[in-house]
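K.L.:
here's a sequence, model it:
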Amino acid sequence: MRRRISNNRYWSNNRYWIFAILLVAAAAFWTGMKFHQLRYNDICLDLGGGSNPGDHPICVVEEARTPPT
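P.N.:
Numbers count the residues shown, from 1 in each chain. Below is the predicted model of the structure:
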């Protein structure tokens, strides 16, 4: 008599790994977005700009000053 292998264990194990991979990908994406936000704000301030009123994520740099000739 042949013993049947249950597919239930196979799918539950795969669901665990799929969930773990999706969770790691989501965490990496969120961390990358936060890192980009910090770098963007730092570069914007280094250039002499600031954020728009209303907390819009746009760097506004005043008119560029040319050196006197």
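K.L.:
lowest-scoring secondary structure element of the protein by mean pLDDT?
P.N.:
Lowest by mean pLDDT, DSSP states H and E among the helices and strands of the chain is strand 50-52, with a mean of 64.
K.L.:
distance check, residue 22 against residue 46.
P.N.:
Distance, residue 22 to residue 46, by C-beta to C-beta, to the nearest Å: 36 Å. Backbone N, C-alpha and C define where each C-beta goes, glycine included.
K.L.:
hmm, I typed the wrong one, I wanted residue 26.
P.N.:
From residue 26 over to residue 46 the distance is 31 Å, taken as C-beta to C-beta.
K.L.:
ok, residue 23 next?
P.N.:
Residue 23 is 35 Å from residue 46, by C-beta to C-beta.
K.L.:
same check, this time on residue 19
P.N.:
Plainly put, residue 19 is 41 Å away from residue 46 if you go by C-beta to C-beta.
K.L.:
same thing with residue 39?
P.N.:
10 Å.
K.L.:
show the average pLDDT along stretch 20-40.
P.N.:
Across stretch 20-40, pLDDT averages out at 92.
K.L.:
buried stuff in it?
P.N.:
The neighbour-count check on stretch 20-40 (16 or more other C-beta atoms under 10 Å) flags nothing as buried.
K.L.:
I appreciate the help and will end here.
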